[in-house]
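>>> Task: produce atomic coordinates for the following.
(chains A, B and C)
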Amino acid sequence: MCSTRAVTELQATTHTIEFPYTRTLGPVIGPFLTGLRDGRILGIRCRDRVLVPPQEYDPETGDALEPPLVEVGPAGTVETWAWVSEPTRKHPLDRPFAFALVKLDGADTAMVHAVDAGSIDAMRTGMRVTPRWRAERKGRIDDIECFVPEGGAA
Amino acid sequence: MASSLKDVAIIGYAQARNERQAQQTEVQFLFPVINEALEMSKIPRREIGFTCAGSCDYLSGQTFAFVMNLEAVGAWPPITESHVEMDGAWALYEAWVRLQHEDIDTALVFGSGKSSPGVPAEIYPLQTDPYTLTPLGVDPVSFAALQARALLDAGKVTERQMAEIAARSRRDAMKNPYAQVTGEFDVDELLAQPYVTAPLRKHDLPPISDGACAVVLATADKAREVCERPAWIRGIDHRIEAHQPGLRDLTVSTSTRLAAEGAGVGDRPVEVAELSATFTHQEPILREALGLGDDVAVNPSGGALAANPVMAVGLARIAEAAKQIVEGGRSRTLGHATSGMCLQQNLVCVLEGDS
Amino acid sequence: MTAAKSDTAVTGDEPVTMMEYFMSLTYTDVVSPPVVRFREALMEGRLIAQQCPKCHLVYVPPKGYCPIDTIELDERNEIQLADRGVVTNYTIVTPVQYYGQKETEPFVRASILLDPPGGMLILQDILDIPTDEVRAGMRVEAVWAKPGERNVDEVGNRSGSALEGSLRGFRPTGEPDVPADSFSDKVW
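Next comes the predicted model:
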């Protein structure tokens, strides 16, 4: 029987691409993620600064940077933030939260992470935050589940 | 630029009508765009010396999708071609470099992409640092919002100014037959809308677009032979910054400033600038980096806020800047393209018409 | 209040040297106009294609243009294809059990040159015959799913997309083999 489908009705196909990646970490990222597993945030010395997250090369000269890494934080200051009203399934939290650039104490550069502040009204540039660690850690950036306002909600 | 470089001009261009969701495949809607650009250039297809394309297989969701795109070029008999996993603006840069050799005098450049099939918020995190950023799923709007907040905190823009940029762009886009989001929007009504990812509201964001753009380049003798008013590439340069946003000052675009210096933007006044400011707050950052005064018309096409065909949007800015010269009688314009989050990488192309 | 280090720090002895990441992206493709018609025909147990009026090449599935002559094709260029032909080329795939692999036994993927007006179907399954008896030159005919059991849900724009929901594969007809030199320019 012939189709009498309307011309304007759109048909669609769906496909999913999936890859399981296993990445080696090397002499800088390895110790950084090992530190996270151990409940510590580490940076790397780069001339007169401490870079967090640690870089493998000096971003200005290209020189290789090497361990040992230096501990920073755990508390830090929010340098800028964005309030995510509708988290995607790839985001670290499933309720509204902030992404922020957090400059940890002792670091000269800020790292990106989530801040679970509860509401946009609790966020402001310059606020102090501390990490909420996962109970079980694997050596991943999300061993820190997120940051939270220092001393509890504002 | 050194005077030993060969003069190259844009002599043909075409764009697809940008759509939220094209029913045609990328190759199908690229097909007439390439035909139109070639027709305008008056260069027979078989005479094109080099072809270069910009596209992204992760956007298409298929390995070697960029190879399929060559069916729109007509690659038989075999052609000399190249591809960049970048916006077509970088394909134009490669073609410009290739034309510096003596053996060919024309090149076809195109960029294309369908953003509608995938979920951009899930695709782009995969292009970020796999150890520190990808696992957090930080999406382009969140990155842009971090930059916008920094700019607001620095007092370099207001939310009202951002809304005015959105309204102006979509109003200007009403004259652009390729634009997707057009119309008269009231700034106060825009500001009354809720944030999507604060401080960005929907009007601060680019649309999701399917589209394509093609450009034909020619060296001096060939350009003069076929084109009444070529748009000469007087300068072209691109620079990239560090990847980690924490290593950068997000309130300025150092790479755009350096690319502008390399391309000689400041040598003479620019009349029109087509900028790939994908988010409203990026326009003042780029204006400052390029040294553009208030007298410069920015994005008369509506820019990326009116249509954002990823992989073609930067090339389309250069095509629009060329159009201002070829058809609009302007003397000096510029096109800008960007890549990466928060204006990490930037390309500046300065165009001039014969006086 | 000073921020304390995590109370439950789990310090392992071994340094972390690897990181796993599972990436998953889903795409929803709107079926393009020529493929809409191709799907409709499949549901009716027919194979259609577009033929270029200049070079006469046959494109199946139809793609809306001829890449050789760079002209657009549409319904006016549509032709009905035969659903029998000859195996021009084939491979026997021994499945490696990587993530996402569904097959466990060796399977055949063959290219079929269809009888006039022509057209080539690739990546077809050859049914009703042991894999080691498949050969180039073998005459085959289409095995269609029963009319009420057909679906074209997997038939999309991407080349080589799966037709098995309606066209299950091809099986030998029993006719004599065709000599290779009659199709050596259409092997794919």
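
>>> Sketch out the low-pLDDT regions of chain B for me.
Low-confidence segments of chain B (pLDDT under 70): B:1-3.

>>> go again using 80 as the cut-off
B:1-4 (pLDDT under 80).

>>> Look up the closest residue to the residue nearest the centre of it, ignoring the ones flanking it.
Residue closest to the mean C-alpha point of chain B, counted by Cα atoms, centre = their mean, is residue B:314 at 0.7 Å. Counting by Cβ to Cβ, 6 or more residues apart in numbering or on different chains, residue B:314 lies nearest to residue B:337, which is 2.4 Å off, once chain neighbours are set aside. From N, CA and C alone the C-beta is placed, and that goes for glycine too.

>>> Equivalent analysis for residue B:137, please.
residue A:90 (3.0 Å).

>>> what residues does chain B put near chain A?
B:23, B:61, B:119, B:121-122, B:125, B:129-133, B:135-139, B:142, B:145-150, B:153, B:194-200, B:242, B:244-247, B:250 (Cβ under 8 Å from any Cβ of the partner chain).

>>> Pull the contacting residues for the residue nearest to the centre of chain B.
By Cβ atoms under 8 Å, 6 or more residues apart in numbering or on different chains, the contact list for residue B:314 reads B:87-90, B:111, B:276, B:335-339, B:347.

>>> of those, closest to residue B:162?
residue B:276 (16.4 Å; Cβ to Cβ).

>>> where's the closest one relative to chain A, distance?
For residue B:276, the distance to chain A (Cβ to the nearest Cβ, to the nearest Å) stands at 21 Å.

>>> give me every residue that touches that residue.
Shown in contact with residue B:276 (Cβ under 8 Å, 6+ apart): B:87, B:303-304, B:313-314, B:317, B:336-338.

>>> A strand includes it, no?
No. The assignment for residue B:276, made by DSSP: H, G, I helix; E, B strand; the rest coil, is coil rather than a strand.

>>> Any chance of JSON lines for the contacts of residue B:314, columns secondary structure?
Formatted as JSON lines, the contacts of residue B:314 follow (three-state DSSP):
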{"residue": "B:87", "secondary structure": "coil"}
{"residue": "B:88", "secondary structure": "helix"}
{"residue": "B:89", "secondary structure": "helix"}
{"residue": "B:90", "secondary structure": "helix"}
{"residue": "B:111", "secondary structure": "strand"}
{"residue": "B:276", "secondary structure": "coil"}
{"residue": "B:335", "secondary structure": "strand"}
{"residue": "B:336", "secondary structure": "strand"}
{"residue": "B:337", "secondary structure": "strand"}
{"residue": "B:338", "secondary structure": "strand"}
{"residue": "B:339", "secondary structure": "strand"}
{"residue": "B:347", "secondary structure": "strand"}
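
>>> correct me, but residue B:326 touches residue B:232?
No. Under the criterion of Cβ atoms under 8 Å, residue B:326 makes no contact with residue B:232, lying 10.5 Å away.

>>> shared neighbours of the two, which are they?
Both residue B:326 and residue B:232 are in contact with residue B:353, where contact means Cβ under 8 Å, 6+ apart.

>>> Who has more neighbours out of those two?
residue B:326 (23 against 20; other Cβ atoms under 10 Å in any protein chain shown).
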